[in-house]
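Novice: Kindly generate the corresponding structure for this input.
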Amino acid sequence: MRAVYCQLGSSFFILTQSWLPFEIPLSDLASTRPQIHHLTYALTHTLSLSLLRCKHNETTSQASTTSLKSMNGWNADPNAFAYGLPGSIAPIEEFDPLGFANGATEGEMKRYREAEVTHSRVAMLAAFGFLVGENFHPLFGTAGTELLAIDSLTEVRKVLPQFFEILVIVISGAEVYRALCGWTKPSGVIGVADGDLLVADYYPGDIGFDPLGLKPEDTDEFNAMQTKELNNGRLAMLGIAGMVAQELVDHLPILKNDFGI
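Specialist: Numbering: from 1, shown residues only. Predicted coordinates:
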């Protein structure tokens, strides 16, 4: 889990570098501390509102019966691979060499899928940020310098330790939000079957975050999109692991060294 947070932190830093088209000179860092604290407060306030919204949605969901819509049209089939969850495609259908799906309960399978989707999303952000950040990093006095993605957080620690306060708040808020949306409360675990730690009508990975409105209403279309997300995420997990390993070995930027970009 610590490795996932490190990847998310590196991606957050690199994407922040890419999104904000200006440079903060090292001599001006001291004067930016009040703004950093204001930003920290704003992030905390925004996350608090998000958590309250999630709590309201959870209460509403509990007050109603479980519907096909709340589960995105998925009905658990104990006779199907992974209880019928999307993600199994040709030419390697039902790929599970370590046998995690064998004998797993429905609750355990939902938890496995929750972990896979979460790691996939983090890996996609990390892979994108890894490549972009090495070629465009205008913040923290690093503009015009050759900066390896694996050294990004180290450079930030040198010039702006307050960045980590924001990073901790963002990561913690995201994790708490996800836990409140989909996970059983500690007080409710008593009497729950082993592995059934997710809320009964919670679909793995669906925390209601869809700012662009891309989520399909049709079940088949949703399954197709979920499969695409999983495939891209699985590739990204392999990709980011390979990129980190390569830079640790040769200490050269990925795109510049391999493609001359």
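Novice: okay, and for the stretch 1-150 of the chain, where does confidence drop off?
Specialist: Along the stretch 1-150 of the chain, the model assigns pLDDT under 70 to residues 1-70, 140-145.
Novice: ok, 90 please
Specialist: 1-73, 75-76, 89-92, 103, 129-150 (pLDDT under 90).
Novice: Mind exporting the C-alpha coordinates of the helix or strand hosting residue 174 to CSV?
Specialist: Per DSSP states H and E: residue 174 is located in helix 163-182. C-alpha atoms of helix 163-182 as CSV (Å, rounded to 0.1, in the frame of the first residue of the first chain):
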residue,chain,number,x,y,z
PHE,A,163,4.0,20.3,-0.3
PHE,A,164,3.8,17.1,1.7
GLU,A,165,1.1,18.6,4.0
ILE,A,166,-1.1,19.0,0.9
LEU,A,167,-0.2,15.6,-0.4
VAL,A,168,-1.2,13.9,2.9
ILE,A,169,-4.5,15.7,3.0
VAL,A,170,-5.4,14.8,-0.6
ILE,A,171,-4.5,11.1,-0.2
SER,A,172,-6.1,10.8,3.2
GLY,A,173,-9.3,12.5,2.0
ALA,A,174,-9.5,10.3,-1.1
GLU,A,175,-9.1,7.2,1.0
VAL,A,176,-11.6,8.2,3.6
TYR,A,177,-14.1,9.2,0.9
ARG,A,178,-13.7,5.7,-0.7
ALA,A,179,-14.0,4.0,2.6
LEU,A,180,-17.2,5.8,3.6
CYS,A,181,-18.8,5.1,0.2
GLY,A,182,-18.1,1.4,-0.1
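Novice: From the contact counts, what lies against the helix or strand following that helix?
Specialist: Where DSSP H and E defines the elements, the next helix or strand beyond helix 163-182 is helix 219-250. Helix 219-250 sits against helix 106-135, helix 254-259, with contacts defined as 3 or more Cβ pairs under 8 Å, 6 or more residues apart in numbering; DSSP states H and E. Any C-beta I mention is one placed from the backbone N, CA and C, and that applies to glycine too.
Novice: Need the winner for burial among those helices.
Specialist: Comparing the helices and strands packed on helix 219-250 by mean neighbour count (mean count of other Cβ atoms under 10 Å), helix 106-135 ranks first with a mean of 20.
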